[in-house]
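S.K.: Here is my input, please return the structure:
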Amino acid sequence: FQLAIMRVRKLEAYATYFSNDPYVRVPGRASMLSDFKLRFHRSLQPFGSGSVSVRVLVADDSRTMRTIIVRSLASLGVTEVVEAADGCEAVAAFKAGTFDLVLTDWRMPNKSGLDLLREIRQVDARVPVVMVTTKGERCRVMEAIEAGVSDYLLKPFTADGLREKLESLAVLG
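M.R.: Numbering: from 1, shown residues only. Below you'll find the predicted structure:
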């Protein structure tokens, strides 16, 4: 795997040397990189073209984590995102709007992700709720399952991991 990465970096250096645009076909090995990068970037694009009409509520007390989640969603074509800094803000936002998905941290001030999940289930039992957490303790997982959690996303995660979760919940595709 690391050998492949080294080859791609070497090819990238050739492409950069021959052209300012790495997607332009250039002779020799650099064209292999252009073809590879074009296929790779197309595979990261959302289904269809443009943005996906999915409205997501992201609840996390960490501004950095919210930014990571929002950027990951944007890379999947999801642009309608509402952010909440704690459970109380998330409940208010959920009651004020309609969402296709809720991504929430487990531990937040004022109201935990589990409390948020319970309140969401009182309002809407069908919206998928994904807990974004660093821990998957068995007793906590069972408690969340009983409360109606749809799935988990363990930190740290990748955009591909997020895409897989969204596809499995039929939010994308």
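S.K.: For residue 159, report the pLDDT, please.
M.R.: The model reports residue 159 with a pLDDT of 87.
S.K.: where does this structure dip in pLDDT?
M.R.: For the chain, the stretches with pLDDT under 70 are 1-52, 135-138, 173.
S.K.: Do a quick rundown of the strands in it.
M.R.: 52-59, 78-84, 101-105, 129-133, 151-154 (DSSP state E).
S.K.: Can you tell me which of the ones you listed is most buried?
M.R.: Among these, strand 101-105 has the highest mean neighbour count (mean count of other C-beta atoms under 10 Å), at a mean of 25. In this view, the C-beta of every residue, glycine as well, is placed from N, C-alpha and C.
S.K.: all helices for the chain, in order.
M.R.: Along the chain, counting by DSSP state H, helices occupy 2-18, 29-44, 63-75, 87-96, 113-123, 138-147, 159-168.
S.K.: Enumerate the positions of the fifth one that are buried.
M.R.: What it means is helix 113-123. Using 16 or more other C-beta atoms under 10 Å as the test for burial, helix 113-123 gives 113-120.
S.K.: what's the answer for the fourth one, then?
M.R.: Neighbour-count burial for helix 87-96, counted by 16+ other C-beta under 10 Å, picks out 87-91, 93-94.
S.K.: Can I get that helix in CSV? Just the C-alpha atoms.
M.R.: Coordinates of each C-alpha in helix 87-96 appear next as CSV, following Å, rounded to 0.1, in the frame of the first residue of the first chain:
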residue,chain,number,x,y,z
GLY,A,87,-28.5,19.0,23.2
CYS,A,88,-30.8,21.9,24.0
GLU,A,89,-30.0,23.8,20.8
ALA,A,90,-30.4,20.5,18.9
VAL,A,91,-33.9,19.8,20.3
ALA,A,92,-35.0,23.4,19.5
ALA,A,93,-33.6,23.1,16.0
PHE,A,94,-35.3,19.7,15.4
LYS,A,95,-38.6,20.9,16.6
ALA,A,96,-38.4,24.0,14.4
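S.K.: list the helices and strands it packs on?
M.R.: Applying 3 or more C-beta pairs under 8 Å, 6 or more residues apart in numbering; DSSP states H and E, we find helix 87-96 packed against strand 52-59, strand 78-84, strand 101-105, helix 113-123.
S.K.: Dump those to JSON lines, plus distance to residue 131.
M.R.: Formatted as JSON lines, these follow (distance: least, C-beta to C-beta, whole Å):
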{"stretch": "strand 52-59", "distance to residue 131": "10"}
{"stretch": "strand 78-84", "distance to residue 131": "14"}
{"stretch": "strand 101-105", "distance to residue 131": "6"}
{"stretch": "helix 113-123", "distance to residue 131": "6"}
